[in-house]
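J.: A predicted structure for the sequence below; I have some questions about it.
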Amino acid sequence: VQLVESGGGLVQPGGSLRLSCAASGFTFSNYYMSWYRQAPGKERELVARVFPAGGITNYSDSVKGRFRISRVNAQNTVSLQMNSLKPEDTAVYYCNAVSSILGSQYNYWGQGTQVTVSS
């Protein structure tokens, strides 16, 4: 199983970034896909989640209206479009896959990608 994030970097306040996560080794279309983030000294927090079929999404209040999560099941990818970035969005962003299959829980994490919002 692999989740490989890309797209992080340094951006000025008000700018945009698009994170991508390429998944392999499991049946992607069965999994809830999420982006989490962890800032220095803080707990990891859920940023956005998309349901397996892609029609339902959830966002944290802090990013609602600025970030958009999407997935392409045919390509085993999930993306996070981040607009109007703020310094407080600075964190390591992690891709996460979760599913419950036949009573067993499956939970996978990527290695993370750094996003820094600074002038």
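T.: Okay, I see it. Numbers count the residues shown, from 1 in each chain.
J.: From here on, just use CA atoms for contacts and neighbour counts.
T.: Fine.
J.: mind checking which helix or strand the most centrally placed residue in the chain is in?
T.: The chain has residue 35 as the residue nearest its centroid, 2.2 Å off, counting by C-alpha atoms, centre = their mean. Following DSSP states H and E, one finds residue 35 within strand 32-38.
J.: Packing partners of that strand?
T.: In terms of contacts (3 or more C-alpha pairs under 8 Å, 6 or more residues apart in numbering; DSSP states H and E), strand 32-38 is packed against strand 45-50, strand 91-101.
J.: Residue 57: which of these is closest?
T.: strand 45-50 (4.4 Å; C-alpha to C-alpha).
J.: how many neighbours does the closest residue to residue 105 other than its chain neighbours have?
T.: Spatially, and ignoring its direct neighbours in sequence, residue 105 is nearest to residue 99 (6.0 Å; C-alpha to C-alpha, 6 or more residues apart in numbering). Applying other C-alpha atoms under 10 Å, we find 19 residues neighbouring residue 99.
J.: what's the distance between residue 99 and residue 22?
T.: 17 Å (C-alpha to C-alpha, to the nearest Å).
J.: quick one: the strands in the chain?
T.: 2-6, 9-11, 17-24, 32-38, 45-50, 57-59, 67-72, 77-82, 91-101, 104-109, 113-117 (DSSP state E).
J.: okay if I get those strands as a markdown table plus mean pLDDT?
T.: Shown next, in a markdown table, are the strands of the chain (pLDDT from 0 to 100):
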| stretch | mean pLDDT |
| --- | --- |
| strand 2-6 | 97 |
| strand 9-11 | 97 |
| strand 17-24 | 98 |
| strand 32-38 | 98 |
| strand 45-50 | 98 |
| strand 57-59 | 97 |
| strand 67-72 | 98 |
| strand 77-82 | 98 |
| strand 91-101 | 95 |
| strand 104-109 | 93 |
| strand 113-117 | 98 |
